[in-house]
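Chemist: Sharing a model that was predicted from the sequence below.
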Amino acid sequence: MNEQKALELLDLEPGASASEIRRAYQEIYNELQIRLTNAPTEHQKELYRKRLAAVEDAYIFFGGESEEDLSELPSMGPVEHLPEGKVQASKPQRVSESAALEILGLSKPFSKGRLLDAYKGKKEDFEKGLKVAPNNQIKTAFQKSLDDLENAFSLLETLVSSPPPKVETVKQSSPNKKASPLIWSIPVLIIIIAGIWFFTPKGEEQDEISQELRDEFIKAKSQADILAEKKYWDQALEKYKEAYGLLADTEVIDSIRIIGQRLETIVLDAKAKEQAATESKDWAAAQRANSTAGYLDFIKKHPSGAYTSQAEEKVNMLEKHINSNSNKNHISSTAQKTNTQEPIAEIKKKTRAQIIEEIERNMVFVQGGTFTMGCTSEEQACKDDAKPSHQVTVNDFRIGKFEITQEQWEAIMGTTARQQHEKSGYEFPFDFPEGPRFPMYYVKWSQAQEFIHKLNQITGKNYRLPTEAEWEYAARGGNQSKNFKFSGSNKLNEVGWFAGNSSKAQEVGSKKPNEIGIYDMSGNVREWCRDDMRDYTSSPVHNPEGPDRTGRVLRGGDIVVDEDICSVFFRVRSTPEFYYWYVGFRLAL
């Protein structure tokens with residue numbers, strides 16, 4: 001034992017007097033005896049015994065005499081060992097005037113109004129604590145605090161109208177005078193809660209946490225719990241962060257994470273709704289104007305919006321209409337200079353950063369839930385591998401609003417669709433649509449993984465392919481599902497490109513979206529899933545993934561197949577090295 005360690009154990013500054021040393025020793029001794037008395041486990045009791053011994057050694061180091069001094073300290077009574085689950089009845093005790101003032105947080109003089117306000121506030125806090133206490137020991141502590149509060153209020157109520165007592169000279173307390181144990185009623189409550197609920201010791205170092213810090217932590221966390229119970233998420237999160245700033249409690253960390261996710265979802269949903277409302281308003285204005293300038297202005301504001309592809313189609317239609325009229329009427333060159341249509345602005349090639357930002361912006365949040373996966377009795381043209389239908393639960397995730405486009409692939413991988421065709425080794429000539437908003441095809445499963453790996457290196461995110469269960473849940477419309485056969489409708493022509501309405505892939509997002517705003521999950525190009533095909537059973541499953549075998553699942557149908565293969569439940573297994581002009585993918589996160 002050295003002086004520095006002894007001062008730390010007694011919470012003293014260098015140069016403390018003998019009376020200060022003895023007073024600090026008495027206070028810490030009393031506090032540790034209280035903790036020892038109420039410690040719920042033998043491990044905690046042993047820690048407090050060791051701490052008592054260390055404090056005693058510190059006091060002896062400064063000249064105290066152990067046996068004599070211990071005999072003069074207030075007796076704490078025997079330690080009671082309660083059977084598990086049994087609640088110790090609190091015995092109301094008469095409190096002194098000074099203890100009553102401390103319990104109610106008052107100082108003299110005070111009015112009856114202040115007394116009532118303090119009493120009501122304290123009582124409300126203790127009753128809330130009693131209501132949410134997780135076990136009988138903490139309930140007993142809150143009940144004792146309520147009893148002490150009632151006694152304190154009764155005593156001080158009689159003093160409000162009484163004349164002030166005669167002021168007398170108070171003699172300085174003898175250093176050997178015993179400290180009133182009643183003053184410790186509130187700290188006892190806090191210590192019990194801290195020891196039982198939050199601060200199960202992991203070693204002697206944890207016992208070094210100051211009581212003041214624990215009190216602040218418990219107060220902040222209790223307030224956060226009440227706010228969370230009332231679903232005041234913003235305020236609750238701030239309070240949990242305040243509590244975590246005091247002590248790194250695992251329960252608080254979990255609460256911060258859960259509420260943070262909930263708030264992120266709320267904010268993203270609100271932004272999505274606001275963005276959708278703004279886009280709808282701008283689209284209505286563009287339709288009213290019905291001019292190339294109006295539609296181009298809309299495209300500039302919403303380059304990847306729900307109506308962007310329609311705006312581009314309108315521009316093309318107006319352009320063809322004007323050119324057609326010019327040819328039919330043989331307008332003179334002078335008239336043509338006067339009446340020629342407004343030139344379409346050249347669309348500049350986007351930077352890689354802009355393209356990546358567009359990918360991030362178009363990830364749709366899908367709230368988790370339980371759905372029926374597979375072919376149900378109401379649905380027809382089912383293959384055996386889509387049976388039996390069964391209940392599947394998935395967690396929250398995000399999925400691409402569109403299939404990965406040629407523009408996005410080229411920005412990350414540096415190759416075009418034509419170059420991918422050349423890599424494939426197919427002998428027939430490349431005769432497929434090219435353009436920034438067309439889906440990327442000729443993509444192997446392994447190449448999709450390479451794209452994702454590079455994208456994650458650039459962004460620091462964890463993009464991936466969706467699992468087969470996530471893909472079907474999103475295609476069915478998530479928790480907004482209307483149980484359509486295809487993704488967004490029972491009429492495939494409304495939501496997808498297939499053999500019945502196209503012979504080649506079309507620009508992404510040029511049909512109607514499904515219930516949660518996702519495009520082309522029925523038709524256009526088939527899409528890789530992350531996992532291999534699993535055998536369905538009738539048992540419910542949570543976040544299922546297929547076995548890690550040599551195959552992988554393709555979903556969604558394409559433009560060379562009939563309607564049934566574009567249904568939300570139709571599944572195909574293929575080798576990961578398979579790639580063709582109707583195979584692409586979309587991202588999940």
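Modeler: Cool, the structure landed. Numbers count the residues shown, from 1 in each chain.

Chemist: The closest residue to residue 531 other than its chain neighbours: neighbour count?
Modeler: Once flanking residues are discounted, residue 531 sits nearest to residue 546: 3.8 Å by Cβ to Cβ, 6 or more residues apart in numbering. Yep, even glycine has a C-beta here, placed from its N, CA and C like the rest. Neighbourhood size, residue 546 [other Cβ atoms under 10 Å]: 19.

Chemist: Check which helix or strand residue 52 maps to.
Modeler: helix 42-61 (DSSP states H and E).

Chemist: whoops, I mixed them up, residue 131
Modeler: helix 112-132.

Chemist: and if you look at residue 482?
Modeler: Judged by DSSP H and E, residue 482 forms part of no helix or strand.

Chemist: you'd agree it is up against residue 515?
Modeler: Yes - using Cβ atoms under 8 Å, residue 482 makes contact with residue 515 at a distance of 6.0 Å.

Chemist: For those two, work out which one has more neighbours and name it.
Modeler: Higher neighbour count among residue 482 and residue 515: residue 515, with 19 against 11, using other Cβ under 10 Å.

Chemist: and the more buried one, how far is that from residue 360?
Modeler: Going from residue 515 to residue 360 by Cβ to Cβ, to the nearest Å gives 23 Å.

Chemist: Please apply the same query to residue 475.
Modeler: 22 Å.

Chemist: what's the answer for residue 305, then?
Modeler: 15 Å.

Chemist: Which residue of those two possesses the greater neighbour count?
Modeler: Between residue 305 and residue 360, counted using other Cβ under 10 Å, the more crowded position is residue 305 (22 against 14).

Chemist: got a list of what the more buried one touches?
Modeler: By Cβ atoms under 8 Å, 6 or more residues apart in numbering, residue 305 lies in contact with 279, 283, 298.

Chemist: what's around the nearest residue to residue 303 once chain neighbours are set aside, how many residues?
Modeler: Closest residue in space to residue 303, ignoring its immediate chain neighbours: residue 358 at 7.3 Å, by Cβ to Cβ, 6+ apart. By other Cβ under 10 Å, 17 other residues sit near residue 358.

Chemist: ok, now the one 5 residues further on?
Modeler: Counted with other Cβ under 10 Å, the burial measure for residue 363 works out to 19 neighbours.

Chemist: hang on, the earlier thing: what are the buried residues along the helix or strand following the helix holding residue 131?
Modeler: Heading C-terminal from helix 112-132, the first helix or strand you meet, by DSSP H and E, is helix 136-160. For helix 136-160, a neighbour-count test (16 or more other Cβ atoms under 10 Å) marks 137-149, 151-153, 155-156, 159 as buried.

Chemist: Show me what helix 136-160 packs onto, helices and strands only.
Modeler: helix 97-104, helix 112-132, helix 185-193 (3 or more Cβ pairs under 8 Å, 6 or more residues apart in numbering; DSSP states H and E).

Chemist: and residue 395, what does it touch?
Modeler: 368, 543.

Chemist: Report the distance from the helix holding residue 131 to the chain centre.
Modeler: Distance of helix 112-132 from its chain centroid, counting by Cα atoms, centre = their mean, to the nearest Å, is 34 Å.

Chemist: which residues sit against it?
Modeler: Under the criterion Cβ under 8 Å, 6+ apart, residues 103-106, 138-139, 142-143, 145-146, 149, 153, 156-157, 160-161, 222, 225-226, 229 lie in contact with helix 112-132.

Chemist: 10 Å instead?
Modeler: 101, 103-107, 110-111, 138-150, 152-154, 156-157, 159-161, 186, 189, 193, 218-219, 222-223, 225-226, 229 (Cβ atoms under 10 Å, 6 or more residues apart in numbering).

Chemist: for it, which positions count as buried?
Modeler: Neighbour counts over helix 112-132 (16+ other Cβ under 10 Å) mark 115, 118-119, 122, 125-126, 128-130 as buried.

Chemist: Of all those residues, the one with the weakest confidence?
Modeler: Minimum pLDDT across the buried residues of helix 112-132 is recorded for residue 129, with 69.

Chemist: With residue 495 as the reference, measure out to residue 501.
Modeler: 11 Å.

Chemist: do the same with residue 256
Modeler: Separation of residue 256 from residue 495 (Cβ to Cβ): 40 Å.

Chemist: Give the residue from the two that has the larger number of neighbours.
Modeler: Ranked by neighbour count (other Cβ under 10 Å), residue 256 and residue 495 place residue 495 first, with 22 against 17.

Chemist: Which residue lies closest in space to that one, excluding its sequence neighbours?
Modeler: Once flanking residues are discounted, residue 495 sits nearest to residue 488: 4.1 Å by Cβ to Cβ, 6+ apart.

Chemist: neighbours of the one you found, just the number please.
Modeler: Other residues within reach of residue 488, judged by other Cβ under 10 Å, total 27.

Chemist: I figured it hits residue 496, correct?
Modeler: Yes - Residue 488 lies in contact with residue 496 (Cβ atoms under 10 Å); the separation is 8.3 Å.

Chemist: Residues that sit against both of the two, list them.
Modeler: Joint contacts of residue 488 and residue 496 (Cβ under 10 Å, 6+ apart) are 511-512, 519-522.

Chemist: Out of the residues you listed, flag the one nearest to residue 53.
Modeler: Residue 53 has its nearest neighbour among these in residue 521, at 69.6 Å by Cβ to Cβ.

Chemist: Surely the closest one is within a helix?
Modeler: No - read with DSSP: H, G, I helix; E, B strand; the rest coil, residue 521 is coil and lies in no helix.

Chemist: Appreciated, that's everything.
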